[in-house]
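S.K.: predicted model and sequence follow; I will ask about them next.
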Amino acid sequence: MLNISPNSVSVKIKKRSYPTLEKVENKKTRKVLLRLITITMIIGTIIMFLPWTQNIRSNGSVTALKPDQKPQTVHSLIAGRVENWFVQEGDFVEQGDTIVRISEVKDAYFDDQLLPRTENQLELKKQTVASYESKIQALNNQLVALRTQRDLKLNQARIKLQQARLKVQNDSIAFKAAELNFITADRQYRRMDSLYTAGWKSLTDLESRTLKRQQAKAYEIEAQNKWLNSQNELITLKIELSTIQTKFETDYAKTQSDLYTATSTKFNAEAEVTKLSNQLSN
């Protein structure tokens, strides 16, 4: 019952006769609602006294006042790191004031004798370049000497070869002459033998012709042997000429290879000199 009227009828109604009405009126909904409201107010009051942060969205950048608390970019020819800052954001500085202290991070700069040693390395590389220039000059002179010696040796070998050819030709002519001489002696011997058989010549004449025939045969064999020896010498000189040419070509190629190697090494040394000069200048 809402009880919104001053005229109540609750006295005229027997509630026990209506169980449902009795259950409704006996519910504790009001107490529960009051408890919920009370608890909510208490929690709200506690939340009001708790610390809180207000968030506001905006566009911008965040920075720090102290230089060592924010990233710094220092342009330097030598790699290093910032050890200590002596100024802060907004400080006034004058020329000559110490602003920051930096230190090396590359191990090459830890040496306190870096400059003298770099100069020493540069001087040694320059001497290396000079020594390779001398070696290149010596190799060029050696190539010229090899060419001259090769020409002289080849000319000498060609002259010997020409002499051998002439000797072969001469021995060949001598062999042909000895061969013709033997043919003549043989014919004379045969005629003498026929005359001796016929009784027109004596045995002494036949023996004389036989001896001349044998001598002519010996001269023929000797001339043939000389001719064969001359041919053998000619072949030997041809092989010697080819050997001389091959040997000098091999020596010349080896000297040229050494020259190219020395030239390449010289160029590398010059590059090192340039690199060290740049490093010393930096």
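M.R.: The structure has been received and is ready for your questions.

S.K.: quick one: low-confidence ranges for the chain?
M.R.: Scanning the chain for pLDDT under 70 picks out 1-30, 52-55, 64-65, 67-68, 72-79, 104-114, 196, 201, 206, 282.

S.K.: do that again at 50, thanks
M.R.: Along the chain, segments meeting pLDDT under 50 span 1.

S.K.: ranges for the helices of it?
M.R.: Secondary structure of the chain by DSSP state H: the helices cover 19-26, 29-48, 114-198, 203-281.

S.K.: just the angle between the longest one and helix 203-281, please?
M.R.: Note on geometry: by axes from the mean of the first three to the mean of the last three CA atoms, to 10 degrees, helix 114-198 and helix 203-281 are set 170 degrees apart in direction.

S.K.: and helix 114-198, how far out from the chain middle?
M.R.: The chain centroid and the centroid of helix 114-198 are separated by 43 Å under CA atoms, centre = their mean, to the nearest Å.

S.K.: sorry, back to before: export the helices of the chain to a markdown table and tack on mean neighbour count and distance to S103?
M.R.: Heads up, the C-betas are built off the backbone N, CA and C, glycines and all. Below are the helices of the chain laid out as a markdown table (neighbours: other CB atoms under 10 Å; distance: least, CB to CB, whole Å):
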| stretch | mean neighbour count | distance to S103 |
| --- | --- | --- |
| helix 19-26 | 10 | 87 |
| helix 29-48 | 10 | 53 |
| helix 114-198 | 14 | 15 |
| helix 203-281 | 15 | 20 |
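
S.K.: just put those helices in JSON lines and tack on distance to D91.
M.R.: Shown next, in JSON lines, are the helices of the chain (distance: least, CB to CB, whole Å):
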{"stretch": "helix 19-26", "distance to D91": "81"}
{"stretch": "helix 29-48", "distance to D91": "44"}
{"stretch": "helix 114-198", "distance to D91": "34"}
{"stretch": "helix 203-281", "distance to D91": "35"}
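
S.K.: tell me which of these lies nearest to V62.
M.R.: Taking CB to CB, helix 29-48 is the member of the helices of the chain nearest to V62, at 29.7 Å.

S.K.: list the helices and strands that closest one packs on?
M.R.: Using 3 or more CB pairs under 8 Å, 6 or more residues apart in numbering; DSSP states H and E, no helix or strand is in contact with helix 29-48.

S.K.: distance from it to the middle of the chain?
M.R.: Relative to its parent chain, helix 29-48 has a centroid offset of 85 Å by CA atoms, centre = their mean.

S.K.: cool, and stretch 258-277?
M.R.: Distance of stretch 258-277 from the chain centroid (CA atoms, centre = their mean) equals 15 Å.

S.K.: just stretch 243-260 next, same as before
M.R.: Relative to its parent chain, stretch 243-260 has a centroid offset of 26 Å by CA atoms, centre = their mean.

S.K.: quick one: contacts for the residue nearest to R147 when sequence neighbours are not counted?
M.R.: Closest residue to R147 apart from its sequence neighbours, by CB to CB, 6 or more residues apart in numbering: Y252 at 7.4 Å. The neighbourhood of Y252, defined by CB atoms under 8 Å, 6 or more residues apart in numbering, consists of L143, L146, R147, R150.
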